[in-house]
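# Quick check, what structure comes out for this input:
(one chain, ligands or ions: 1)
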Amino acid sequence: MEQERQHIVMLPFMAQGHFIPFLSLARLILRRHPSSTITIVNTPLNILSLRSFLPPDDPSYSPVHFASLPFASSDHNLPPNTESSDSLPGIDSLPLLMLASESLSPHFDRFLSSLDPSPLLLLADIFTSWSLPIARRLQIPAFTFSTCGAFGTASFSSLWLHLPHRLHPESPSFPVPGFPPSFRLHRSQMSHYMRVADGHDAWSTFLRRQIRLCFSSAAALLCNTVAEVEPSALRLVGEICQLPVLTVGPLVDSGHRSGREPGIGVAECVEWLGAHRPASVLYISFGSQNTIGAAQMMALAEGVEASGVPFIWVVRTPAGFDMTAEFEAERWLPEGFEERAAQGRRGLVVPRWAPQVEILSHGAIGGFLTHCGWNSVQESLSRGVPMIGWPLASEQFYNSMVIEEIGVAVEVARGVQGDVDARKVERVVRMLMQGEKGREMKEKAARCEEMMMAAVAEDGEKKGSSLRAVEEMFEMAYAMKQDTAFEIGTIPKNGIE
Ligand SMILES: O=c1ccn([C@@H]2O[C@H](COP(=O)(O)OP(=O)(O)O[C@H]3O[C@H](CO)[C@@H](O)[C@H](O)[C@H]3O)[C@@H](O)[C@H]2O)c(=O)[nH]1
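Residues are numbered from 1 along each chain as shown. Model (predicted):
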């Protein structure tokens, strides 16, 4: 009976950047509760992708099952076989995928209703909050798992709910509801979509609906962060969403990870990195679904080349062009850039996708120029690698603020549209990789690494904060399951809507 009650259903949003932390959370849960079973629900192609992340012979994942819900992307004005954000031609079509994802609701309802006995818990994504009312109706405790950090979740949620910049049309910066009065954000720290949002566009419609449902219907918020790394942001996010917050990070899986066909094999990467001095190589990547502008790409290439710092750069077609298309180096990079980089192993240009975790784990990596996607930030810090931030979209702007404040990063540019100065890139790269300030940042990153490892470490009775959070999650879910009245009123409400 106990065993049956330990069935957890997970519903990640349709994006690689969300699958990775969900799988990693599954692994963490199974480490603490090996007799649990976990069913990850998604669309057919995403299930294939999720499966490919799992090491084929790793018994620790054998209690993970998958359930597929019917989905045809062409029914939603999306290209055929487009089921995740990284297979979209560009970020502009993300709202179509977001709105299409809500069509899974009746299928998910049928799936969840068919489970007998009913599961202990639903772990929904913040973007799949449409599933929370279904779980509540079926008296299944439902928590939201934010794949972002605490500060990122707090800022992103408050900004989308209130669009506060619209109240200050003349001002470049503005206060944010729920944040201390002295706190202000700058317009450049918003994606283009948020800047132009009026509350009725497709982005606002979907995101506001999901955030409100999360705040009103989840029993708790799980955050992919480490309590000791983001202590003050934890209070902030708890106040903004009016939910208990549990920190379960860092969800960085060091196991086998393919997910997508890499542009370079692990062995080749490791061999290339092996020819370099410790902490001498800069890794450059903009995550799974973002890319920079064409002129920015040229400036970045010029700056990195001028710095003389060896690099591995994951490239994809610039913003405004089909991101799924083949990368044309001769069109998007300075003439002869790749050939010069190849000489003496100065640089490695990798099309589309690289084995990032393996690269960041290599001792030759000394810095990471990143778009500040939260998985990348966690992967970098959990290996003590300091960063250069270049946030492009979503909550990446606020992640960049967090890592600057912790002292483990410096921001070099923002967004996909602005001018980028190759000289500044050169200076910042040299500073991080060769300067005194870079050395200090590396020391701070090493301290973050220690805190992150401690959060998931166990020494007899002593458990790290993230392991304790997993226990708390189980205790809350058991208590809610026993309290058959949980549906009416035992869940905290934030009063929104
Ligand atoms: O060549 C690549 C590129 C990416 N990755 C992996 O893909 C993930 C990328 O995740 P992340 O760095 O978070 O970037 P996005 O894919 O852009 O993530 C989306 O989801 C994140 C978590 O919610 C948010 O923080 C971001 O803003 C949002 O864009 C990481 O695990 C990387 O290791 C690779 O393995 N190889």
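# what's the model's confidence in the helix or strand harbouring S101, averaged?
For S101, the host element (DSSP states H and E) is helix 94-101. Summarised as a single mean, pLDDT over helix 94-101 is 97.
# got it, and stretch 313-330?
Mean predicted confidence for stretch 313-330 is 92.
# And stretch 205-213, by the same measure?
Stretch 205-213 comes out at a mean pLDDT of 98.
# Quick check: buried residues in it?
Using 16 or more other Cβ atoms under 10 Å as the test for burial, stretch 205-213 gives F206, L207, R208, R209, Q210, I211, R212, L213. Where C-beta positions appear, they are placed from N, C-alpha and C, glycine not excepted.
# possible to save these as TSV with secondary structure and distance to the ligand?
Shown next, in TSV, are the buried residues of stretch 205-213 (DSSP: H, G, I helix; E, B strand; the rest coil; distance: Cβ to the nearest ligand atom, whole Å):
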residue	secondary structure	distance to the ligand
F206	helix	15
L207	helix	13
R208	helix	18
R209	helix	18
Q210	helix	13
I211	helix	14
R212	helix	19
L213	helix	17
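# Quick check, H162 in contact with P177.
Yes - H162 is in contact with P177 according to Cβ atoms under 8 Å; the separation is 4.7 Å.
# Neighbour count for these two, which is higher?
H162 (15 against 12; other Cβ atoms under 10 Å).
# Need the phi and psi values for the more buried one.
phi -110, psi -20 (degrees, to the nearest 10).
# That one and T153: what is the separation?
15 Å (Cβ to Cβ, to the nearest Å).
# Was I right to think T39 contacts S68?
No - using Cβ under 8 Å, T39 makes no contact with S68, being 10.7 Å away.
# number of nearby residues for the closest residue to A218 other than its chain neighbours?
Leaving aside its chain neighbours, A218 sits nearest to T144 (4.1 Å; criterion: Cβ to Cβ, 6 or more residues apart in numbering). By the measure other Cβ under 10 Å, the count of residues near T144 is 29.
# re the thing from before, from the buried residues of stretch 205-213, which single one is nearest V402?
Closest to V402 out of those is I211 (19.6 Å), distances taken as Cβ to Cβ.
# does the closest one really touch W130, like I thought?
No - at 11.6 Å, I211 and W130 do not qualify as touching, with contact defined as Cβ under 8 Å.
# Pull out the buried positions in the helix or strand that contains A479.
Assigning secondary structure by DSSP H and E places A479 in helix 465-482. For helix 465-482, a neighbour-count test (16+ other Cβ under 10 Å) marks 465-470, 473-474, 476-478, 480-481 as buried.
# quick one: it to chain centroid distance?
23 Å (Cα atoms, centre = their mean, to the nearest Å).
# Spell out which parts of the stretch 301-450 of the chain neighbour the ligand.
Within the stretch 301-450 of the chain, the positions lying close to the ligand (Cβ under 6 Å from any ligand atom) are 314, 353-354, 356-357, 373-376, 379, 394-396.
# ranges for the strands of the stretch 251-400 of the chain?
With DSSP state E, counting those that start in this stretch as the criterion, the stretch 251-400 of the chain has strands at 281-285, 311-315, 347-351, 365-370, 387-389.
# contacts for the first one?
Right, strand 281-285. Contact with strand 281-285 is made by 273, 300, 304, 309-314, 354, 356, 359-360, 362, 364-371, 376, 385, 388, 429, 432-433, as judged by Cβ atoms under 8 Å, 6 or more residues apart in numbering.
# Go again with 7 Å.
Under the contact criterion Cβ atoms under 7 Å, 6 or more residues apart in numbering, strand 281-285 has outside partners 273, 309-314, 354, 356, 359-360, 364-370, 376, 429, 433.
# Then the second one?
Under the contact criterion Cβ under 7 Å, 6+ apart, strand 311-315 has outside partners 281-285, 304, 327, 347-351, 353-354, 359.
# And for the third one?
For strand 347-351, the surrounding residues in contact (Cβ under 7 Å, 6+ apart) are 263-264, 272, 310-315, 327, 329, 338, 341.
# any idea whether the residue nearest to A218 is helix, strand or coil?
Of the three states, T144 takes strand according to DSSP: H, G, I helix; E, B strand; the rest coil.
# Show me which helix runs longest in this structure.
helix 436-455 (DSSP state H).
# next one: it to chain centre, how far?
Worked out by Cα atoms, centre = their mean, helix 436-455 lies 20 Å from the chain centre.
# That one packs against which elements?
Counting contacts by 3 or more Cβ pairs under 7 Å, 6 or more residues apart in numbering; DSSP states H and E, helix 436-455 is packed against helix 374-381, helix 422-434.
# ranking the ones you listed by burial, who's on top?
helix 374-381 (a mean of 27; mean count of other Cβ atoms under 10 Å).
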